[in-house]
Every structure is written in structure tokens, then in C-alpha cells.
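Peer 1: Quick one, what's the 3D model for this:
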Amino acid sequence: MEVKVEIFSKEIIKPSSSTPDHLRNLELSMLDRRVPPIYVPILLFYTTCSDIDDDYASISSRLKNSLSQTLTSFYPLAGRMRSQQALVDCNDEGVLFLEAEVPNVDLSAFLRNPENNALQLFPFNPFESSTETVITGVQVNVFSCGGIGIGLCISHKIVDGTAVDYFLKAWSATARGINDDDRHQHQLQAPRLDSALLFPPKGMNILMAGSISKEKISTKRFIFNATKLNELKAKVGIQNPSRVESVTALIWKSAMEAVKVNSGKEKLPRSISTHVVNLRERTVPPLPNHVFGNLWQVAAAFLLEEKEDVELGYLAGLIRQAQKEIDSHYVSELQGDEGLAKAYKPYKEVRSLTSDPQLQCYMFGSWTRFGFYGTDFGWGSPTWVCTTGMPVKNGIILMSTPSGDGIEAWITLAEQDMVEFQGNPELSHFVSPTY
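Peer 2: Below is the predicted model of the structure:
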């Protein structure tokens, strides 16, 4: 299906109230500074009335006005990056806001094959570095059937998935008219912007370079519904396996088997599986979700011995142990005098090992616990929420299905590996054609 997106409006949305001078500069934390200059992308699709021409004006006005009001509290999102990506100038220059038409395309038809067209629904390519310093961009896409898709990009230098989720909660609550008295009931507070105090930068910048793949890659979406997940968890066999542990083990094993076939070797390749771990819930006491910034660390599981085969339970155990090691003591050390070395250690280990071109590194990110499906701007919850494939070989994003009990995996592999991966019998058994 050919999709053509036509921009019909471009605006800058500024906070409804000016940011005070004493809040003008926001220093990035040690954990923020290691993040490459890319954006966190999220797409939310809504089925609205079929007379979109009559109703879109009110939808547009509601989104813009509520965004402007929300930016008063989330003022760094309307600022600009400064000082080699180490400082946000909270100057209220505003959020890029585009509106686009997707002519002759029904939303339901688009959602049947979104992988090849999702990127067009964002205000810019979230993975391309540029000289632009804009922090936030929004694109509202109007489909011919009356459905809309909201593409949001926020600089990864100042937000992680948890922070994006919290911002969407606040923006949509404002759009629904929830006042200050009711915000406490909905567990909405102004964002805490003190991550540089929690994880001081210590005068050093440990910016990690991006790793955009130069070889030919392929991104595909795989669905694991609740029934198949329960069956998979039973097969994994460790005590109380989570759906994320189970799907990660299956994808990791299947991807290694694809490399094994294409290499012509008899054994699985040496490999690493990494997952992003939210540090907020691992501090003492736990930090609330409205603490803004990149409060996460990489947990790396290593399979450094070549094996002819490996059990799913063994891989799931490695994943669980790696994440278990990131505990309150670990977070305390991150906040200490040697925090910089602690933060950088997993990257150094992975980089050292991946200097061997035969070693595979599978990078997982789980968005399954975020509440994106609760993002109601006043016309109901999203029909579907997704991201877009990372242009990084062996990058995997796990998201919840609309029902909340399944997993949708966006997987990017080398083209030849994806061909073998799709045909893997064990994987195919657990993949569902629909939710």
C-alpha cells in the first residue's frame, strides 16, 4: 500500500505562561549525557467520527490549547538544546506542531501493514541527528476515514519511556479538562526536574555515539497474544517467568539460530542480550514516575560460549539474573563518587566484546508497562499504539497489545537473518496473526 502524507499546517506551540528566568537553564544528569542525540518516537491512533472535516477543527484546537497549557509545567520540552547537548535552554521557543492529511488511506488499512509507513507520520526522522536543536515535535495525521494518528517525538537526551508516558498522561488530562483540584486524584503532579542532583554529571560528558546500521536491515512486527504467551511461559520453565522474560528468550534464541544458519556453522554464535532497567523503582525509597530524565541502566546477559543448542529457560535465567543485579545498592553506587565509572561499565564491556564481528548483541527495550493505551484526549482511548523500528541491527522494542495482556515486538535484523528468523518453527508456533 502506497501512503502519501501531505503537510497542510506548521506551527510552533509555546507554553501558555512564560518560564521564569531562574528556571531558564536545566542541566542534564550523568545518565542523560550518555544518550545519543536521537528522539523517543510514539504513535497513537484514534478512530473518530467519519465526518472529520466537520469535527477536525475542534480536535486541532483542543490538542494545541492543551499542549500549550501542559508545557507551562513541562517547560523544558519547549526549550532548545545547548552546550554540546549538556544543557537545556528553557527559553519557551516552543514545540514544532505539524498537521497532515493522509489522502485515500483508511486507518484500518494502514494498520494492517504499518512497518513500512510509520516513519512518515512523525514530524521528523527520530533517528537522524541534525543541526536542529528542537526538543519536541508533534504531527497530527488525518486519515480519509476520519481516524487520526498522533506522532510524538521528544529528545531522548531529557526523557526516557517513563517520562514520555507521564507527559502524555498530563497532556491528555489537560485536554479532557481535568483541573488542578482533580489532578491529585489522577496521580498527576508537575514533573520533577532534579535528575542532575540525583545523578550529578561530575563535570564529564560520556555521550555515547549512535549506532545506526550501515548494512541492509529489515524491521518486522510480531504479535504474541495472551494464549500463546501462557503457553510460552510454561515452556520456559523457570519459576514464574514474566511475559517479557519469555518473549526475550524466544527472540534471542531464534535470532541466534538465524545467524547460525546463514553462517553455515554448527554452533550458535556468541552473543549478548541487553535490556533497559528503570531505576526509579530500584532506589530507596523508590522515585515516582514524574521524576524526569533518563533514569535507566542497561542490564547485559552474556552467552559467551558457543553452543549447538540452548534452552529457553537457560536464556530467561540469564536475563533475570542480569536485571536482578541492578538493585538499590547498585543505584546507590551510581549516585556515589564512582558513579561515572559504574554507569559506563556495561557499555565498555559490550563495546569491547562486540569488537569481534562474529559476536551478536541483541538490544531490547520493553515498553509493556507504560500506560499509553490510557491516553484519552477527550475522544476515547487509542485504538492502537506503536513506535517505529530502530535503524539499528538487532534492535528490539516490546510493547503491549491493545488488550494489555499480549506483546507486540518490533524487531530489526540484518535482511538475511530476518528471512531465516521469520521461518523459525519454534518462533512461528508462538507468533499470532492477530491480537
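Peer 1: rest of the way, CA atoms for contacts and neighbours
Peer 2: Fine.
Peer 1: For the helix or strand encompassing residue 260, buried residues please.
Peer 2: Assigned by DSSP states H and E, residue 260 falls within helix 243-263. Of all the residues in helix 243-263, those buried under the rule 16 or more other Cα atoms under 10 Å are 243-261.
Peer 1: Please apply the same query to stretch 96-114.
Peer 2: 96, 97, 98, 99, 100, 101, 102, 105, 107, 110, 114.
Peer 1: Run through the bridge partners of the second one.
Peer 2: The reference is to residue 97. In this entry, residue 97 is beta-bridged to residue 11, residue 138, by DSSP bridges.
Peer 1: got a list of what it touches?
Peer 2: By Cα atoms under 8 Å, 6 or more residues apart in numbering, residue 97 lies in contact with 10, 11, 12, 13, 123, 137, 138, 139, 140.
Peer 1: Now tell me what touches the host helix or strand of the last one from outside.
Peer 2: Think residue 140. In the assignment (DSSP H and E), residue 140 maps to strand 136-143. Under the criterion Cα under 8 Å, 6+ apart, residues 5, 77-78, 95-107, 121-124, 148-155 lie in contact with strand 136-143.
Peer 1: Relative to the whole chain's centre, how far out is the helix or strand containing residue 272?
Peer 2: Using DSSP H and E, the element containing residue 272 is strand 271-278. With Cα atoms, centre = their mean, to the nearest Å as the basis, strand 271-278 stands 14 Å off its chain's centre.
Peer 1: Distance check, the residue nearest to residue 62 when sequence neighbours are not counted against residue 221.
Peer 2: Nearest residue to residue 62, sequence neighbours excluded (Cα to Cα, 6 or more residues apart in numbering): residue 175, at 6.1 Å. Remark: distance between residue 175 and residue 221 (Cα to Cα, to the nearest Å) = 31 Å.
Peer 1: neighbour count winner among these two?
Peer 2: Taking other Cα atoms under 10 Å, residue 175 and residue 221 do not tie; residue 175 has more neighbours (23 against 17).
Peer 1: who's in contact with that one?
Peer 2: Residue 175 sits in contact with 62, 63, 65, 66, 67, 377, 378, where contact means Cα under 8 Å, 6+ apart.
Peer 1: again, 10 Å this time
Peer 2: 59, 61-67, 69-70, 169, 376-379 (Cα atoms under 10 Å, 6 or more residues apart in numbering).
Peer 1: Next: residue 283.
Peer 2: Residues near residue 283 by Cα under 10 Å, 6+ apart: 326, 327, 328, 329, 330, 331, 332.
Peer 1: Just send those back as TSV, with secondary structure, distance to residue 268 and pLDDT too.
Peer 2: Below are those laid out as TSV (DSSP: H, G, I helix; E, B strand; the rest coil; distance: Cα to Cα, whole Å; pLDDT from 0 to 100):
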residue	secondary structure	distance to residue 268	pLDDT
326	coil	28	96
327	coil	31	96
328	helix	35	96
329	helix	35	96
330	helix	32	95
331	helix	34	96
332	helix	37	95
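Peer 1: Identify those among the contacts of residue 175 that sit within helices.
Peer 2: The helices, defined by DSSP state H, take in 59, 61, 62, 63, 64, 65, 66, 67, 69, 70, 169 from these.
Peer 1: ok so, going back, just how off-centre is the strand holding residue 140 within its chain?
Peer 2: Relative to the chain's own centre, strand 136-143 is displaced by 18 Å; criterion: Cα atoms, centre = their mean.
Peer 1: And for stretch 357-366?
Peer 2: 16 Å.
Peer 1: Same question for that stretch: list its buried residues.
Peer 2: Buried, per 16+ other Cα under 10 Å, within stretch 357-366: 360, 361, 362, 363, 364, 365, 366.
Peer 1: about what we covered before: determine which two of the ones in helices among the contacts of residue 175 are furthest apart.
Peer 2: The largest separation in the ones in helices among the contacts of residue 175, counting by Cα to Cα, is between 61 and 169 at 18.4 Å.
Peer 1: So for these two, which sits in the more crowded spot?
Peer 2: The residue with more neighbours, out of residue 61 and residue 169, is residue 169; 21 against 12, by other Cα under 10 Å.
Peer 1: doesn't residue 375 make contact with that one?
Peer 2: Yes - counting by Cα atoms under 10 Å, residue 169 does reach residue 375; the two are 6.1 Å apart.
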